[in-house]
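Visitor: have a look at this prediction, sequence included:
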Amino acid sequence: MSASVKYTYRLISLLVSTSVLAGCTTTRQAPSAKMELPDRFITGSVKPMVSTPGYSAFWKQFNDPVLDQLILRGLVENTSIQQARHRLDIANIQEILAASGYLPQLRLGASASAISDNSTGPRLRGTSVGANGSFSWLVDIFGGGKAARRGALANSQAAADNIEFVRLAYLTDLIITYIEYRYSDEAIAISKRNLGSFSRTLSLTREMREAGTATNLDVAQAQALVDDARAQIPPLEVDRQQAVNHIAALLGIPNTSVAALVKKKSGQPRMGKLPESGVPADLLRHRPDIRREERLLAAAAERIGVVRSRLYPSLTLDGTIDISRLIVSGFTGSAVALAFGPSVVAPVLDGGRLRAEVDLAAAESRVQYLAWKDAVLKAVEEVDNAIVAINRGRAENAALSRKVASYQAALKLARESYTGGTGLILDVLEADRSLGAARLDLADSTRRNAINLIRLYIAIGSGAAFDPVVSARAPRVDPVTTASTASAFPPRPKPRLNDATARKTDEAKTR
């Protein structure tokens, strides 16, 4: 073996040994997605959830065709959902790019030229043809390529979960806005009913004044009730129109189209069947925002592996081949040049940049762990809050219903006493005012109860996977655990690139 070859081998060995020693000084790891959870929600069951709430069209229990139509249209047209789908396309492309850097690369080329000699003497004519190729392969010795591919896959899965999260946000926004619209509509109807009742009382008071049994003060008080009821209507009409405008923005259609649709008579959505809340651990599987944050934590963990691999030497296999053939005035000649061999590059001195990159990736993973933990804690809080609000709201609604009935009876008795000459007009005015206020309170309680029910369904992940285009769905499988982080969710099938475009075409056909 020549001295130069021996020197090269020794240099490579020195570089490898130095890099390995440098890499051994960094042992940063990402935290696992684990935390202690209570065994039940407040006033909840200790039994895990059996059903899969993500595919539930829970809003159908309201039996409101208008709401159903709005939701289905928005699931197709909502711009936020469309953006989330295109982000998944971007994540899928990035997954391809992450894998391509560690796959063999092959390039081929060809050339041809004509040769002509115009000098004095025998003229030379001929052609020259050639072909060349180059091969390069960055060998993934220390797992950086695998970590990059796993990280890109986790990001792609997070983008798929983000579609469901955005879908939940859309459902929450649309349904609550629709409930607010129906409340404003009902409150306007109640206010107009109150206005009619107060106007009748005012007419009665004026008649009694003409008869000498009522005073100008009584008339002024009755007039004040009429004016107060009339003043309550314009703000409610503003709220109703703003709800129409917001629904139109969510669906991406003119507000005139929404107004024509919601004008169809439909009462306030009322509290229906309570969902199966399960236990807090169920949220790890059913809440898309929690799954998304855990996927991002897995990607952050793989990022540590990617940057750590840069502390070690990189091995690249390179090769070139060049074939040429020359034909000049009957003379033919060929030449072949072939080169192949490995190359090793090792970081030796970089001012601590590579180790700092590892520390940075580890710090980012700790931040992402806290983001995952925060999502879990908020999800548990949302379920607990919704359960408490529903339980208390039911009692409040029942009490307000009795209150309305009591004031209806009180108003009837007050009017009978007043017209009979044994009562006071003040009693009639007070009973009339109290009945109007009680009716508005009952409508508001009905609104809040319906919203609390929606919040509970959304808090457990209901409707996250509902897609009006997809007819056949398979239930989720049991959770798996990856090498980088303990996963509380199974692998999700990813739509391929341009699936969003294909889905939009199919949705247009269904319409």
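Guide: Nice, thanks for sending it over.
Visitor: return the set of buried residues in the helix or strand containing residue 242.
Guide: Per DSSP states H and E, residue 242 falls inside helix 216-251. Of the residues in helix 216-251, those buried by neighbour count under the rule 16 or more other Cβ atoms under 10 Å are 218-219, 221-223, 225-226, 229, 232, 236, 239-240, 243-244, 246-248, 250-251. In short, each C-beta sits where N, CA and C put it, glycine included.
Visitor: can you show me the helices along the stretch 351-500 of the chain?
Guide: Assigned by DSSP state H, counting those that start in this stretch, the helices in the stretch 351-500 of the chain fall at 353-419, 425-459, 499-510.
Visitor: and what of the stretch 1-150 of the chain?
Guide: 3-23, 65-77, 79-100, 144-210.
Visitor: is residue 272 in a helix, a strand, or coil?
Guide: Three-state assignment for residue 272 (DSSP: H, G, I helix; E, B strand; the rest coil): coil.
Visitor: any idea how far it lies from residue 406?
Guide: For residue 272, the distance to residue 406 equals 27 Å [Cβ to Cβ, to the nearest Å].
Visitor: okay, the helices of the stretch 1-150 of the chain, which one's buried deepest?
Guide: Burial of the helices of the stretch 1-150 of the chain is given as mean neighbour count (mean count of other Cβ atoms under 10 Å); helix 144-210 ranks first at a mean of 21.
Visitor: list the helices and strands it packs on?
Guide: Applying 3 or more Cβ pairs under 8 Å, 6 or more residues apart in numbering; DSSP states H and E, one finds that helix 144-210 contacts helix 65-77, helix 79-100, helix 216-251, helix 288-309, helix 353-419, helix 425-459.
Visitor: let me see the mean pLDDT of the fifth one.
Guide: Helix 353-419 comes out with an average pLDDT of 92.
Visitor: again with the shortest one
Guide: Regarding helix 65-77, the rounded mean pLDDT is 92.
Visitor: same check on stretch 245-256?
Guide: 93.
Visitor: to residue 175, which of the helices of the stretch 351-500 of the chain lies closest?
Guide: helix 425-459 (5.2 Å; Cβ to Cβ).
Visitor: now the angle between helix 216-251 and that closest one, please.
Guide: 20 degrees (axes from the mean of the first three to the mean of the last three Cα atoms, to 10 degrees).
Visitor: ok so, going back, weakest of the helices of the stretch 1-150 of the chain in terms of mean pLDDT?
Guide: helix 3-23 has the lowest average pLDDT among these, namely a mean of 49.
Visitor: rewinding a little: as CSV, the helices of the stretch 1-150 of the chain with distance to residue 54 would be great.
Guide: Output for the helices of the stretch 1-150 of the chain, formatted as CSV (distance: least, Cβ to Cβ, whole Å):
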stretch, distance to residue 54
helix 3-23, 43
helix 65-77, 14
helix 79-100, 15
helix 144-210, 7
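Visitor: for residue 395, find the nearest of the ones you listed.
Guide: Nearest of the helices of the stretch 1-150 of the chain (Cβ to Cβ): helix 144-210, 19.8 Å.
Visitor: is it true that residue 410 touches residue 434?
Guide: Yes: contact criterion Cβ atoms under 8 Å: residue 410 and residue 434 qualify, at 7.4 Å.
Visitor: one step back: and the helices of the stretch 351-500 of the chain, which is most packed in?
Guide: helix 425-459 (a mean of 21).
Visitor: what's the angle from that helix to helix 353-419?
Guide: Inter-element angle recorded for helix 425-459 and helix 353-419: 150 degrees (by the same axes, to 10 degrees).
Visitor: okay, the angle between helix 425-459 and helix 144-210?
Guide: Going by the same axes, to 10 degrees, helix 425-459 makes 170 degrees with helix 144-210.
Visitor: show me the contact partners of stretch 426-444.
Guide: Identification of contacts with stretch 426-444 by Cβ atoms under 8 Å, 6 or more residues apart in numbering yields 183, 186-187, 190-191, 193-194, 197-198, 201, 204, 218, 221-222, 225, 229, 268, 397, 400-401, 403-404, 407-408, 410-411, 413-415, 417-418.
Visitor: stretch 237-246 too?
Guide: Contacts for stretch 237-246 (Cβ under 8 Å, 6+ apart): 173, 177-178, 180-181, 184-185, 188, 255, 258-259, 262.
Visitor: one more time with 7 Å, if that's ok
Guide: Applying Cβ atoms under 7 Å, 6 or more residues apart in numbering, the contact partners of stretch 237-246 are 177, 180-181, 184-185, 188, 255, 258-259, 262.
Visitor: helix or strand for residue 324, which one?
Guide: Assigned by DSSP H and E, residue 324 falls in strand 314-328.
Visitor: and that strand, what does it pack against?
Guide: strand 125-139, strand 331-345 (3 or more Cβ pairs under 7 Å, 6 or more residues apart in numbering; DSSP states H and E).
Visitor: same question for the last one, mean pLDDT?
Guide: For strand 331-345, the mean per-residue pLDDT is 75.
Visitor: now swap in the first one and tell me
Guide: Averaging pLDDT along strand 125-139 yields 79.
Visitor: pairing partners for it, with directions?
Guide: Sheet pairing for strand 125-139, assigned by DSSP bridges, gives strand 105-116 (antiparallel), strand 314-328 (antiparallel).
Visitor: now the ones you listed in CSV, with distance to residue 279?
Guide: Listed next are the strands paired with strand 125-139 as CSV, based on distance: least, Cβ to Cβ, whole Å:
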stretch, distance to residue 279
strand 105-116, 51
strand 314-328, 48
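Visitor: highest mean neighbour count out of those?
Guide: Mean neighbour counts for these (mean count of other Cβ under 10 Å) peak at strand 314-328, with a mean of 15.
Visitor: need the contact partners of it.
Guide: Against strand 314-328 from outside (Cβ under 7 Å, 6+ apart): 115, 124, 126-139, 141, 333-345.
Visitor: restricting to C-alpha, output that strand in PDB.
Guide: Provided in PDB are the C-alpha atoms of strand 314-328 (Å, rounded to 0.1, in the frame of the first residue of the first chain):
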ATOM      1  CA  SER A 314     -21.100  12.000   6.600                       C
ATOM      2  CA  LEU A 315     -20.400   9.300   4.000                       C
ATOM      3  CA  THR A 316     -21.200  10.000   0.300                       C
ATOM      4  CA  LEU A 317     -20.700   7.500  -2.500                       C
ATOM      5  CA  ASP A 318     -19.900   9.300  -5.700                       C
ATOM      6  CA  GLY A 319     -19.400   8.000  -9.200                       C
ATOM      7  CA  THR A 320     -19.000   9.400 -12.700                       C
ATOM      8  CA  ILE A 321     -18.800   7.700 -16.200                       C
ATOM      9  CA  ASP A 322     -17.900   9.500 -19.400                       C
ATOM     10  CA  ILE A 323     -18.100   7.800 -22.800                       C
ATOM     11  CA  SER A 324     -16.900   9.500 -26.000                       C
ATOM     12  CA  ARG A 325     -16.600   8.300 -29.600                       C
ATOM     13  CA  LEU A 326     -14.800  10.200 -32.400                       C
ATOM     14  CA  ILE A 327     -15.200   9.500 -36.100                       C
ATOM     15  CA  VAL A 328     -13.000  11.600 -38.400                       C
END
